[in-house]
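A.B. asks: The amino acid sequence is not available; the structure is as follows:
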C-alpha cells in the first residue's frame, strides 16, 4: 500500500498498457494523445460497478453522477487513481474511497476565472436592476429607476480555495470591499468564527465553498436572518450548502433583498420547484464555470496529469480525501 | 465683455443678491445652503424665455429639456453662467450661446463610476447570457449553455472624456484589452483615424462620446458592417451617435451579435418603437449614470460651483462651447 501520509507521492502505473475507465455520457474531447498509451474503456451508471475493479485509472467525466459512491469496490481491486473533471469531489467521495490508498485529483483551476466573472455578472446585474429592465423592455415600458453603485459596497466570499480567491480578486477590482472566509484563518483569510459578523455587514454574500460535513446546510434560516435586508446572496458552490426552503422564506419575508442560485440540492431543478418563482431569485442551470471551450480545457488538463502519472511523477491537484478538497494555496 | 480667450477666468457675480433661475420639473435637493445668497426663481419650458433675461445664473436641472436652445435671448440681457446637471451639453447649446461670453459648466465626474459599472454589467450580462437565463427561468426550463469568458476579449471605447476613461479602466480591471478613441490622439488614446481598425477587431464597442457635429450618426450602417459578427455594441453616450435603423438592420441580419442602448434619438422611447423587440438588443431607459443619491450629488456639485462663482474664483468643469465638452484630462 502507498504511503498515505504523503498525498503528493507518485501513484505507480502498471507495467503493461493501463486501463483507463471513463464514466461518461457524451463523447470526450482531446484524449486522442492517449491512443496506444491507455486502453480506454467506457462505463455508464449501470456498468460502472462491474468495470471498476479492472481499471487502473478512473476518469469521472460525468460529474453529475453519484454512481462512484455506490459502485466503489471497497477492499477489492480498484483504480489507484481517480480524476474528476470538476472542482467539487463530494459526488464521488465515500468512506471506502477516503480510507483507501487511491489518489483522487480534481479540475482545480479550470473554473476559477469563469466562475469569478459569472459572480461579477450577477453582482452587477442585480445592482443595476437588469432583470427588471428586461421585464420592462418586454412590456415596452420606459421606466427610469435609480440603481446601486457597487464601488464601496462589501462582499463576503465563503470558500477560500482558488475559486473563492479569484472571485474575491475580481470583486476587489470593481472596488468592492471583499472579505474571504475559509476553514482555517490565514493572512487575508478569515476563519469560520468571523463568518456571522462578516455576513451581517455584507451587501453581497457569495457561497463558493466545497461541500463537506462542515459546510453542508451552512446557509440556513439563522444565517439568512443575520444578513442585512439589503443583502444579496449568491451560490456558485454546491446546492447542499444552502437550506433552500430557508432561502425561499427569507426572500418571501424580505429578510434579504435578492439571491442567485446556480447550484441546487437536486439538479436539474424540476419544473414544479417553487424556486423558479421565488421573489428576487435568479435561477441558472449550474453553468457558472462553463465557458466556451471548457470541455477541451478539462480534457487537456487530464492528459497533462496522465503524462505525469505515466512518467511516475507526482500528480497535481491531489484532493485531501478527509477534508474533501485540495488543500493549500 | 469677458475675455473669451480664457474660459477659466472668473465670471463676475453682481453686487446685489443674484437671481438664480432653475429650469426644473421636480423639487431640487440640497440647494438649502443658497438661502439668502441667491434669489431662486423657477422656470418651466413655457416660462423660460420670459425669465432668462433677468437671471444672473441658469441652472438646467431638467436636462431632458431642449428649451434653452430656443429660449436663449441672443444679444439681449442674459445669464453670465449656465450650469447643466448633466455630462452632455448638446441639449442646450445653440450658436448664440456658443458665441456669447456666457460660461457653461457641466456635471463632469458625477456619472463616471456609475456609467462604467453599468457598462461592465452589460458586458458581463451579455457574455454570461443573462437575458436568456431569465427567459428560461420564466419558462421553468433548465437549459445549460456554455458562455463567454470576458478576460482576454477586446473592447473599443469611443469617447476619451472622464466617462470613457473610467469605462476603460473598469473593463481593464476585468482583464479586457481595451482601446480608447478620442477626438485627438494622446498617450493611451487613439485618434479617429484608428476607429475603423479598432472596432473591426473588438468584441465590445462602447459609445461614450459627447454629441458633436463630428460624432452625430457615427455608428451607421458602414460601421456596423465593419464590426465582427460576434461583436456587441453598447451606447451610453447620446442617442444621436447611432443611426438606429442601421443598428436594427445590423442586428436583424446578424452583422453583430447583440447590442444595448441606454440612450435614444427620441426619449422616452415610445411603445410602438421597433427597438423594444429588436433581436439581441437590451433597451434601458437612460439610467446608466443614475445611482441612488445622484440628485443629491448633482445638487452638492452645483452649490460648490456657486460658492466659487460668488467668491469670484474660477469655475470648474467649464465647457468648450465650440467643441461641446469639457476639454483636457
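C.D. replies: Received, thanks. Just so it is clear, the structure is predicted and the values come from calculations on it, not from any experiment.
A.B. asks: For the lowest-mean-pLDDT helix or strand in chain A, buried residues please.
C.D. replies: The least trusted helix or strand in chain A, going by mean pLDDT, DSSP states H and E, turns out to be strand A:39-43, with a mean of 92. Residues A:40, A:42-43 are the ones in strand A:39-43 that count as buried (16 or more other CB atoms under 10 Å in any protein chain shown). For every residue, glycine as well, the C-beta is placed using N, CA and C.
A.B. asks: could I get those as JSON lines with distance to residue A:304?
C.D. replies: Shown next, in JSON lines, are the buried residues of strand A:39-43 (distance: CB to CB, whole Å):
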{"residue": "A:40", "distance to residue A:304": "17"}
{"residue": "A:42", "distance to residue A:304": "21"}
{"residue": "A:43", "distance to residue A:304": "23"}
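A.B. asks: So for the closest residue to residue A:324 other than its chain neighbours, what's the pLDDT?
C.D. replies: Nearest non-adjacent residue to residue A:324, counting by CB to CB, 6 or more residues apart in numbering or on different chains: residue A:212, 4.3 Å away. Looking at residue A:212, its pLDDT is 95.
A.B. asks: Kindly report the same for residue A:14.
C.D. replies: Value listed for residue A:14 in the pLDDT field: 80.
A.B. asks: Can you check my assumption that it lies in a strand?
C.D. replies: No: the assignment for residue A:14 by DSSP: H, G, I helix; E, B strand; the rest coil gives coil, which leaves it out of any strand.
A.B. asks: can I assume it is in contact with residue A:55?
C.D. replies: No: the criterion here is CB atoms under 8 Å, and residue A:14 misses it with residue A:55 at 10.7 Å.
A.B. asks: out of the two, which sits in the more crowded spot?
C.D. replies: Per other CB atoms under 10 Å in any protein chain shown, whichever of residue A:14 and residue A:55 has more neighbours is residue A:55, with 25 against 10.
A.B. asks: Find the nearest non-adjacent residue to the more buried one, please.
C.D. replies: Using CB to CB, 6+ apart, the closest residue to residue A:55 is residue A:21 (3.6 Å).
A.B. asks: what sits against that neighbour?
C.D. replies: Residues counted as contacts of residue A:21 (CB atoms under 8 Å, 6 or more residues apart in numbering or on different chains) are A:41-43, A:48, A:51-52, A:54-55, A:57-59, A:79.
A.B. asks: Could you look up the SS state of residue A:108?
C.D. replies: Here residue A:108 is recorded as coil under three-state DSSP.
A.B. asks: Give me the distance from the least confident helix or strand of chain A to the chain's centre.
C.D. replies: Put simply, strand A:39-43 sits 26 Å off its chain's centre (CA atoms, centre = their mean, to the nearest Å).
A.B. asks: what's that strand packed up against?
C.D. replies: Counting contacts by 3 or more CB pairs under 8 Å, 6 or more residues apart in numbering or on different chains; DSSP states H and E, strand A:39-43 packs against strand A:19-23, helix A:48-51.
A.B. asks: From the rest of the structure, what touches whatever helix or strand comes next after the shortest one?
C.D. replies: Under the assignment DSSP states H and E, the closest C-terminal helix or strand after helix A:48-51 is strand A:57-60. Residues outside strand A:57-60 that contact it (CB under 8 Å, 6+ apart): A:18-24, A:38, A:52, A:68, A:79-86, A:91-92, A:302, A:306, A:309.
A.B. asks: Next, count neighbours for residue A:236.
C.D. replies: Look at residue A:236: counted by other CB under 10 Å, it has 29 neighbours.
A.B. asks: ugh, wrong one, I meant residue A:311
C.D. replies: Residues near residue A:311, counting by other CB under 10 Å: 9.
A.B. asks: Which residue ranges of the stretch 201-329 of chain A form strands?
C.D. replies: In the stretch 201-329 of chain A, the strands defined using DSSP state E, counting those that start in this stretch lie at A:204-207, A:232-235, A:258-261, A:281-283.
A.B. asks: closest one to chain B among those strands?
C.D. replies: strand A:281-283 (4.7 Å; CB to the nearest CB).
A.B. asks: Check which helices and strands the closest one sits against.
C.D. replies: Strand A:281-283 sits against helix A:112-127, helix A:244-252, strand A:258-261, helix B:130-138, with contacts defined as 3+ CB pairs under 8 Å, 6+ apart.
A.B. asks: Could you list the low-confidence segments of the stretch 201-329 of chain A?
C.D. replies: A:329 (pLDDT under 70).
A.B. asks: show me what contacts the closest residue to chain B within it?
C.D. replies: Residue nearest to chain B within the stretch 201-329 of chain A (CB to the nearest CB): residue A:268, separated by 3.8 Å. Residue A:268 is in contact with A:285, B:142, counting by CB under 8 Å, 6+ apart.
A.B. asks: Backbone dihedrals for it, both of them.
C.D. replies: phi -70, psi 150 (degrees, to the nearest 10).
A.B. asks: Chain B versus residue A:134, what's the distance?
C.D. replies: 6 Å (CB to the nearest CB, to the nearest Å).
A.B. asks: neighbours around residue A:167, how many?
C.D. replies: Using other CB under 10 Å, the number of residues around residue A:167 comes to 30.
A.B. asks: Confirm that it sits in a strand.
C.D. replies: No: checked against three-state DSSP, residue A:167 lies outside a strand; its state is helix.
A.B. asks: any idea how far chain B is from it?
C.D. replies: Between residue A:167 and chain B the computed distance is 13 Å (CB to the nearest CB).
A.B. asks: Check residue A:161 too.
C.D. replies: Separation of residue A:161 from chain B (CB to the nearest CB) stands at 19 Å.
A.B. asks: Count residues in the vicinity of the closest residue in space to that residue that isn't next to it in sequence, would you?
C.D. replies: Excluding the flanking residues, the one nearest residue A:161 by CB to CB, 6+ apart is residue A:325, at 6.1 Å. If you count neighbours by other CB under 10 Å, residue A:325 ends up with 22.
A.B. asks: Report the buried residues of stretch A:254-272.
C.D. replies: Neighbour-count burial for stretch A:254-272, counted by 16+ other CB under 10 Å, picks out A:255-265, A:269.
A.B. asks: Endpoint to endpoint, it covers what distance?
C.D. replies: Counting by CA to CA, to the nearest Å, you get 23 Å between the two ends of stretch A:254-272.
A.B. asks: and that stretch, how far from the chain's centre?
C.D. replies: Centroid separation for stretch A:254-272 versus its chain: 16 Å, with CA atoms, centre = their mean.
A.B. asks: What residues does the stretch 101-250 of chain A have near chain B?
C.D. replies: A:113-114, A:117-118, A:120-121, A:124-125, A:127-128, A:130-131, A:133-134, A:136-137, A:140-151, A:170, A:173-174 (CB under 8 Å from any CB of the partner chain).
A.B. asks: which of those are buried?
C.D. replies: Among these, the ones that count as buried (16+ other CB under 10 Å) are A:113-114, A:117-118, A:120-121, A:124-125, A:127-128, A:130-131, A:133-134, A:136-137, A:142, A:147-151, A:170, A:173-174.
A.B. asks: any idea how far residue A:13 is from chain B?
C.D. replies: 33 Å.
A.B. asks: If anything else comes up later, I'll come back, but that's it for now.
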